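Q: Give me a model of this one.
(chains A and B)
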Protein chains: 2
Amino acid sequence: MGEFHPFDIATQLTKTSDFYHGHTSEAYANMIGPFGGIVASTLLRAILEHPERLGEPGALTINYAAPVANGGFDIKATPTRTNRSTQHWYIELSQNKKTVITGTAVTAERRETWSSTDISFPNVPSVNELKRASISAAPPWLNNYDIRIIKGAPLALLQSNLNNNQNSTTLQWIQDYPKRKIDFLSLTAMCDAFFPRIWVRRKEMVPIGTVSLTIYFHADSETLKAHGSREVLGHTRAIKFYDGFFDQTGELWSPDGELLATTSQFVYYKS
Amino acid sequence: MGEFHPFDIATQLTKTSDFYHGHTSEAYANMIGPFGGIVASTLLRAILEHPERLGEPGALTINYAAPVANGGFDIKATPTRTNRSTQHWYIELSQNKKTVITGTAVTAERRETWSSTDISFPNVPSVNELKRASISAAPPWLNNYDIRIIKGAPLALLQSNLNNNQNSTTLQWIQDYPKRKIDFLSLTAMCDAFFPRIWVRRKEMVPIGTVSLTIYFHADSETLKAHGSREVLGHTRAIKFYDGFFDQTGELWSPDGELLATTSQFVYYKS
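A: Numbers count the residues shown, from 1 in each chain, chains lettered A, B, ... in the order given. Modelled structure (predicted):
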């Protein structure tokens, strides 16, 4: 694993003087272009590999301005402001000199202080009590995840009765397949690995596309090291679907009840 | 009102060839520098006034990289990618040529289609049944809002028993004071007008600062026109406080149960 896990290959970057150069990976292909989670991870990786980077990821916003074409791409990561313990970044992914993805990030040095989680770990069966979701005609990237749905399966994909509450909430266990020790990059990708809420809410598989994704990290690298390659509990729901765009908010937990990240996204849909 | 409301003066911009030039307003001053909500509105205004702008605000992320100093500032709004019905933006506010605030936004043309709100309007008393919160030693910007707290008053500011549920949730009615017809700009500012969650959760007024703010708009200009100058219901909570940073998520509703916006922020705290 490690260096040779498909995830590490998919997010690999080569530094030239001005850019980080990468290449889309067939293993993480989506229906059109790459899986959005791997795109977000790759942009974050450019920041983490930047020689001037200060601290660890705090907040990340990735905007999907246009579809990423299969092939090579360039990423430019610019520290826009460096403070004593926080640093702000602007990131752009381009292909043929056209902007395809933009993003901003905050990295920060944390100091141990009063901390508290204000919501409870959901009451769920353990991962071993569930079967891996088997999705017919799944896009390639899904094969790199072991997803076990507790509640809120995509009605538009699975003929299941796991969704009987008439809302768009999903609870699922997720982990890399094959297993891989979690880090900020894989956690970022998992934040985008929920099925589109509209496919859970409705029985039709309408066209969708994430427009903007935001992640707040509530863990440091020590927490992630302690998590290891265990599964992650994802909990997500949509709040509003309105004339072509819906939101999605979610939480990612370790199985022992540590909240690792919160996330939201704004998604285009055609209906 | 209209042009002459303090809000419109505070967000006013003059266009030069490369930049939009603005000036901080004493009316919206915070303890240090301007209220973050007025900063976010001013950056959004640069996009809305841009001659190439397509559609209405969909998603907005504002990063507070450094404190805005009282005085003049320059904003540069750049359309990074223009598609058929969506447009992506990068925005920067600078002072003395140093980056102070960065942001990204998506504007979009909506088309009427299947829509749904998946959460219910909270069960709350009407605005007239409540008194305006009176805060001793309030920073100037608060005087431009009529805030009526239903639940979750800041313990660190108010000697009240409105918070007796030991969590960081707040429900409040908010409107401009004096009244002003709502628009995307004032809605943006209201998304940042919640008291910091840590002042609700704890009795101490520890130093805080928003690092990154994200807003998803779930209304178009027609919805906002219909809303007029009525009050807005704000509902917010923190999920996790961890070693110097906490998150805050929230919803803004019209009094007739229309969800106008969802928002999240990542906030630095010293404890």
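
Q: where do the helices sit along chain A?
A: A:6-10, A:36-48, A:184-191, A:197-201, A:221-227 (DSSP state H).

Q: among these, which is nearest chain B?
A: Minimum separation from chain B across these (C-beta to the nearest C-beta) falls at helix A:197-201, 7.2 Å. Any C-beta I mention is one placed from the backbone N, CA and C, and that applies to glycine too.

Q: that older thread, distance to chain B and mean neighbour count added to the helices of chain A, as CSV?
A: Shown next, in CSV, are the helices of chain A (distance: least, C-beta to the nearest C-beta, whole Å; neighbours: other C-beta atoms under 10 Å in any protein chain shown):
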stretch, distance to chain B, mean neighbour count
helix A:6-10, 23, 20
helix A:36-48, 12, 26
helix A:184-191, 13, 25
helix A:197-201, 7, 26
helix A:221-227, 9, 15
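
Q: Up against chain B, what does the stretch 51-200 of chain A have?
A: With C-beta under 8 Å from any C-beta of the partner chain as the criterion, the stretch 51-200 of chain A meets chain B at residues A:58-59, A:61, A:63, A:65-66, A:80-81, A:83, A:86, A:88, A:90, A:92, A:98-100, A:102-104, A:106, A:108, A:110-119, A:167-168.

Q: what's in contact with stretch A:89-99?
A: Residues outside stretch A:89-99 that contact it (C-beta atoms under 8 Å, 6 or more residues apart in numbering or on different chains): A:39, A:42-43, A:46-47, A:62, A:65-66, A:68-69, A:71-80, A:100-107, B:80-81, B:88, B:90, B:102.

Q: in it, what counts as buried?
A: Using 16 or more other C-beta atoms under 10 Å in any protein chain shown as the test for burial, stretch A:89-99 gives A:89-95, A:99.

Q: With stretch A:97-108 instead?
A: By 16+ other C-beta under 10 Å, the buried positions in stretch A:97-108 come out as A:99-108.

Q: could the helices of chain A go into TSV alongside mean pLDDT?
A: Formatted as TSV, those follow (pLDDT from 0 to 100):
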stretch	mean pLDDT
helix A:6-10	97
helix A:36-48	98
helix A:184-191	98
helix A:197-201	91
helix A:221-227	97
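
Q: Minimum distance to residue B:220: which of those helices has it?
A: Residue B:220 lies closest, by C-beta to C-beta, to one member of these: helix A:197-201, at 19.1 Å.

Q: CA atoms only for that closest one, dumped as CSV, please.
A: Coordinates of each C-alpha in helix A:197-201 appear next as CSV, following Å, rounded to 0.1, in the frame of the first residue of the first chain:
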residue,chain,number,x,y,z
ARG,A,197,-28.8,13.8,-2.2
ILE,A,198,-31.3,14.2,-5.1
TRP,A,199,-30.7,10.5,-6.0
VAL,A,200,-31.7,9.6,-2.4
ARG,A,201,-34.6,11.9,-2.3
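
Q: ok now it, how far from the chain's centre?
A: Helix A:197-201 has its C-alpha centroid displaced from the chain centroid by 18 Å (C-alpha atoms, centre = their mean, to the nearest Å).

Q: which other helices and strands contact that helix?
A: strand A:240-242, strand A:245-253, strand A:259-269 (3 or more C-beta pairs under 8 Å, 6 or more residues apart in numbering or on different chains; DSSP states H and E).

Q: With mean neighbour count, distance to residue A:230 and mean pLDDT as new columns, can those strands be given to me in CSV?
A: Below are these laid out as CSV (neighbours: other C-beta atoms under 10 Å in any protein chain shown; distance: least, C-beta to C-beta, whole Å; pLDDT from 0 to 100):
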stretch, mean neighbour count, distance to residue A:230, mean pLDDT
strand A:240-242, 23, 33, 98
strand A:245-253, 24, 11, 98
strand A:259-269, 24, 11, 98
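
Q: Dump the ones you listed to JSON lines, plus distance to chain B.
A: Compiled in JSON lines, the helices and strands packed on helix A:197-201 are given as follows (distance: least, C-beta to the nearest C-beta, whole Å):
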{"stretch": "strand A:240-242", "distance to chain B": "4"}
{"stretch": "strand A:245-253", "distance to chain B": "5"}
{"stretch": "strand A:259-269", "distance to chain B": "4"}
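
Q: Take the ones you listed and lay them out in TSV including distance to residue B:5.
A: Shown next, in TSV, are those (distance: least, C-beta to C-beta, whole Å):
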stretch	distance to residue B:5
strand A:240-242	28
strand A:245-253	29
strand A:259-269	29
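
Q: Give me the pLDDT for residue A:128.
A: pLDDT recorded at residue A:128 is 96.

Q: check contacts around residue A:25.
A: A:6, A:9-10, A:34, A:38.

Q: run the last query once more with 7 Å
A: A:6, A:9-10, A:34 (C-beta atoms under 7 Å, 6 or more residues apart in numbering or on different chains).

Q: coming back round to it: of the buried residues of stretch A:97-108, which is the nearest to residue A:133?
A: Closest approach between the buried residues of stretch A:97-108 and residue A:133, by C-beta to C-beta: residue A:101, at 27.9 Å.

Q: Now do the closest residue to that closest one other than its chain neighbours against chain B, distance only.
A: Nearest residue to residue A:101 in three dimensions, chain neighbours excluded: residue A:93, at 3.9 Å (C-beta to C-beta, 6 or more residues apart in numbering or on different chains). Distance of residue A:93 to chain B, computed by C-beta to the nearest C-beta, to the nearest Å: 11 Å.

Q: And the helices and strands packed on helix A:197-201: which comes nearest residue B:200?
A: Residue B:200 lies closest to strand A:259-269 among the helices and strands packed on helix A:197-201, at 17.8 Å (C-beta to C-beta).

Q: And the closest one, what does it pack against?
A: Under the contact criterion of 3 or more C-beta pairs under 7 Å, 6 or more residues apart in numbering or on different chains; DSSP states H and E, strand A:259-269 touches helix A:184-191, strand A:208-217, strand A:245-253.

Q: what bits of chain A have low per-residue confidence?
A: By pLDDT under 70, the weakly predicted segments of chain A are A:1-3, A:156, A:159-165.

Q: and the contacts of residue A:25 as TSV, adding distance to residue B:199?
A: Putting the contacts of residue A:25 into TSV (distance: C-beta to C-beta, whole Å) gives the following:
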residue	distance to residue B:199
A:6	46
A:9	46
A:10	43
A:34	42
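
Q: quick one: which of these is nearest residue A:144?
A: residue A:6 (5.8 Å).

Q: Identify the residue nearest that closest one in space, chain neighbours excluded?
A: residue A:27 (4.3 Å).

Q: what distance separates the start and the end of stretch A:195-206?
A: End-to-end distance of stretch A:195-206 (C-alpha to C-alpha, to the nearest Å): 12 Å.

Q: which residues sit against it?
A: By C-beta under 7 Å, 6+ apart, the list of residues contacting stretch A:195-206 reads A:152, A:154-157, A:163, A:168, A:170, A:208, A:238, A:241, A:246, A:248, A:267, A:269-271.

Q: repeat for stretch A:257-265
A: Contact partners of stretch A:257-265, identified using C-beta under 7 Å, 6+ apart, comprise A:117, A:121, A:187, A:191, A:210, A:212-219, A:223, A:232, A:247-254, B:214, B:239-240, B:247, B:264.
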